[in-house]
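Asker: Any chance you could fold what I've pasted below:
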Amino acid sequence: HRPGPGIPPRHMGRPPLSPAFGAPPQHAGAVEDGAEESGATSTSGKYMSPAEISLRQEEASFYGAPANEAGDDNIWGLLSGVMGNIYEWYDFAVYGLMAAEIGAAFFPQSSKELQLINSFGVYLAAFVMRPLGAIAFGELGDRLVGRKNALVFSIVLITVPSALMGVLPTYQQWGFVAPICLVLLRMVQGLSVGGQLAGSYVLSIEQSSANNRGFRGSVCDASSVGGFLLASFVSAVVRYVFTGDQVDQWAWRVPFLFSIVLAPILYTIVKQTGESKHWEQGKENKKTEKAIRENEQEEKSALSDLLSSPFRRRQLMGMIFVLAPLTSSYYMIFLWAPVYLSQLRGLLSEADATSMNVLVIFCYIVMLLISGKLSDTFPHRMDLIRIGLPGIIVAAPAMFGMYESESVVGYFLGQLQYAACLSLFQGGMAAWKVELWMSDPTLSYTGVAVGHNVASCIFGGTLPLVA
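Answerer: The predicted model follows:
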């Protein structure tokens, strides 16, 4: 069944931390006019303060917002998001997969373990910049240039530092200046990624029909995993084609330079994409409201709008904590596991660990697409997320337990069962994140970007370093 009357299908995801974590409040907005100034008694007989009244009214506005009827399942919007995600996450993931070689090239005076720690410290620097990128691109996508143009800018912003990292002199040539430049380039990459993934979610799902959002969102998520897959594949090819000494000396640069080949293809696809009609309608409505209001104050930024509302702050905090197990598990499986198996435990060679990672990622993409389609069949978007969460809690220690099996099959199955549980949790997640903010399209890019990237920074970027 679908949500009852008054609750549009796009709110199937339900805002986090709302009553029962699903059902809309029964008495939202059920107060008399003018009660905001002095407080009032709700229909249940309980006195409510002005702040509580405001919160209830925002909830009522959220659940009563008109449905997005502009979705037409535009294929170019989906393709631009997919290719953009593959490209951006390829560039971002290559660094983590080549972390050992980069650590030796830029921190040669440290021990092998300390080189890896330093390399992942630079990796964390990019994550620290992602919330700033989310704020900047949220303002661009919500208030200034729209979703499409914000995506184009993010692609340009990640291409330049990736190419420069492919030719950056090492510590032997530039001394301490080399690792400083490496950190700065990674920070620029972090800014770009902070806005790109959220933009692909919002553009693709705003252009989706209500019954297809889960699947299209999972395609976007699968494409970001596809970036990891491509990065793992290229890294594996480099390690098989070149000798260990060649990879350590110069061949680690090849995956970074390969990104230059992908940029023209992506630009051609994005040029064919139309702007989100839902955003255009929302922006026009905002202008109309501003024109008819008296004593209109100066328009606030998207971030200020987001944080000035108690209801939206509650949405944001709920989103961050729901994403915590997703972001930490994602990097644990696809980034940390190959390093753990090869560099730290010596259970597999680097080439074999990377190859196994490619196979696990491929299986995960298939399972993620199935889960995304499955999420469209549930009454509420959160239903499948609730099913996947207990699986993640059990699967994480099970994976490390299977690493003690001294069997390649055991290592593979350990990662695969973790990936299967994560795919259930993530299947409808992209659609859920966008639906949380779809009632106001002039805030949705910022809401999705800030929530996603704060969670990634806190629970994802720190994970390899802590582990």
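Asker: Low-confidence ranges, the stretch 251-400 of the chain, go.
Answerer: Counting by pLDDT under 70, the stretch 251-400 of the chain shows low-confidence ranges at 276-299.
Asker: so what's residue 148 up against?
Answerer: 80, 203, 270, 273, 274, 275, 276 (CB atoms under 8 Å, 6 or more residues apart in numbering). For glycine as for every other residue, the C-beta is placed from the backbone atoms N, C-alpha and C.
Asker: and the third one, helix, strand or coil?
Answerer: So the one you mean is residue 270. helix (DSSP: H, G, I helix; E, B strand; the rest coil).
Asker: Now for it, how many residues are close by?
Answerer: Counted with other CB atoms under 10 Å, the burial measure for residue 270 works out to 19 neighbours.
Asker: just the fourth one next, same as before
Answerer: The tally of other residues near residue 273 (other CB under 10 Å) stands at 23.
Asker: OK, contacts around residue 246?
Answerer: Residue 246 touches nothing, counting by CB under 8 Å, 6+ apart.
Asker: Would you confirm that it belongs to a strand?
Answerer: No: under three-state DSSP, residue 246 sits outside any strand and is assigned helix.
Asker: For the stretch 1-150 of the chain, which segments count as strands?
Answerer: 40-41, 47-48 (DSSP state E, counting those that start in this stretch).
Asker: Was I right to think residue 337 contacts residue 361?
Answerer: No: the pair residue 337 / residue 361 is not scored as a contact, 10.7 Å apart, by CB atoms under 8 Å.
Asker: my read: residue 415 touches residue 333, true?
Answerer: Yes: between residue 415 and residue 333 a contact is recorded at 5.9 Å, counting by CB under 8 Å.
Asker: Compare neighbour counts for the two and give me the winner.
Answerer: Between residue 415 and residue 333, residue 415 has the larger neighbour count (other CB under 10 Å), namely 27 against 24.
Asker: Within the helices and strands, which one has the residue lying closest to residue 427 once chain neighbours are set aside?
Answerer: With sequence-adjacent residues excluded and distances taken as CB to CB, 6 or more residues apart in numbering, residue 427 is closest to residue 371, at 2.5 Å. Element membership of residue 371, judged by DSSP states H and E, is helix 350-375.
Asker: What's the first helix or strand after that helix?
Answerer: According to DSSP H and E, the helix or strand after helix 350-375 is helix 382-402.
Asker: what's next to that following helix, contact-wise?
Answerer: 13-14, 21-22, 322, 325, 329, 332-333, 337, 371, 374-375, 378, 410-411, 413-415, 417-418, 420-429, 432.
Asker: how deep is the residue nearest to residue 427 tucked in, by neighbour count?
Answerer: The tally of other residues near residue 371 (other CB under 10 Å) stands at 27.
Asker: ok, now how distant is it from residue 386?
Answerer: The spacing between residue 371 and residue 386, counted by CB to CB, to the nearest Å, is 13 Å.
Asker: burial measure for the residue nearest to residue 158 when sequence neighbours are not counted, as a count.
Answerer: Nearest residue to residue 158, sequence neighbours excluded (CB to CB, 6+ apart): residue 192, at 3.9 Å. Look at residue 192: counted by other CB under 10 Å, it has 27 neighbours.
Asker: swap in residue 188?
Answerer: 18.
Asker: Mind pulling the model confidence for it?
Answerer: Reported pLDDT at residue 188 in the predicted model: 87.
Asker: Enumerate every residue touching it.
Answerer: 129, 157, 158, 160, 161.
Asker: would you turn those residues into TSV with pLDDT, neighbour count and secondary structure?
Answerer: Formatted as TSV, the contacts of residue 188 follow (pLDDT from 0 to 100; neighbours: other CB atoms under 10 Å; DSSP: H, G, I helix; E, B strand; the rest coil):
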residue	pLDDT	neighbour count	secondary structure
129	85	22	helix
157	83	21	helix
158	79	25	helix
160	86	14	helix
161	86	24	helix
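Asker: Helices of the stretch 51-200 of the chain, start to end?
Answerer: 75-97, 99-106, 112-139, 146-165, 171-174, 177-206 (DSSP state H, counting those that start in this stretch).
Asker: Residue 227 is nearest to which of those?
Answerer: Smallest distance to residue 227 across the helices of the stretch 51-200 of the chain (CB to CB): 2.7 Å, for helix 75-97.
Asker: And the closest one, what does it pack against?
Answerer: When contacts are defined as 3 or more CB pairs under 8 Å, 6 or more residues apart in numbering; DSSP states H and E, helix 75-97 packs onto helix 112-139, helix 146-165, helix 177-206, helix 213-241, helix 254-271.
Asker: Any chance of JSON lines for the ones you listed, columns distance to residue 451?
Answerer: Output for the helices and strands packed on helix 75-97, formatted as JSON lines (distance: least, CB to CB, whole Å):
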{"stretch": "helix 112-139", "distance to residue 451": "8"}
{"stretch": "helix 146-165", "distance to residue 451": "17"}
{"stretch": "helix 177-206", "distance to residue 451": "9"}
{"stretch": "helix 213-241", "distance to residue 451": "15"}
{"stretch": "helix 254-271", "distance to residue 451": "24"}
